[in-house]
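> Turn this into a model:
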Amino acid sequence: LEAERAATPASGGTAAEGYAYFLELFVQMYRERRDLLRFNQFFNAYVQSEAITSEQMAPYMDMIGVLTDVFHMIYEKGREDGTLRTRDTTEREMFSAIVHLMLAAVTRYAIGLIYISEKTNQEKEVERLEKMILREFTREK
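Have a look, this model is predicted:
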């Protein structure tokens, strides 16, 4: 995550480009790290079922904090450059769309919870979702 923070184009380019990069990270995870997505799904189930304390979750939350920090920089840049829809969408709503929608979708595909026929192109569907979320929160300058 630290390497991704350094690579994120939050300081150069537009906020919309940074947002697109952030979304693409989830698509990359689907393409290259399905094992990580499966682990995360089952880890979340474990945390919920075992009533893990906030103290025990602190290292995990620190790691997630890296993502929220990067996203915060992108959102603030969007306020400045006008390429993100910050007037009608809060930072939390926009971040949630990525984490809850994008991560949920790529995870479902990675663990096989989506009914797949032989004609289904999973990667194309993931890419379509990425484009839909991108269109929802970005605007032409």
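
> show me where this structure has helices.
For the chain, the helices defined by DSSP state H occupy 2-7, 15-32, 34-49, 54-81, 91-96, 103-111, 122-137.

> Output the ones you listed as TSV; include the columns mean neighbour count and mean pLDDT.
Where C-beta positions appear, they are placed from N, C-alpha and C, glycine not excepted. What follows is the helices of the chain, written out as TSV (neighbours: other Cβ atoms under 10 Å; pLDDT from 0 to 100):
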stretch	mean neighbour count	mean pLDDT
helix 2-7	10	54
helix 15-32	19	91
helix 34-49	13	91
helix 54-81	14	89
helix 91-96	15	91
helix 103-111	19	88
helix 122-137	15	90
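
> Residue 100 and residue 121, how far apart?
23 Å (Cβ to Cβ, to the nearest Å).

> now swap in residue 50 and tell me
Distance, residue 50 to residue 121, by Cβ to Cβ: 37 Å.

> Over to residue 27?
From residue 27 across to residue 121, the span is 14 Å (Cβ to Cβ).

> and what of residue 73?
Going from residue 73 to residue 121 by Cβ to Cβ gives 34 Å.

> what's the answer for residue 49, then?
Look at residue 49 and residue 121: by Cβ to Cβ, they are 34 Å apart.
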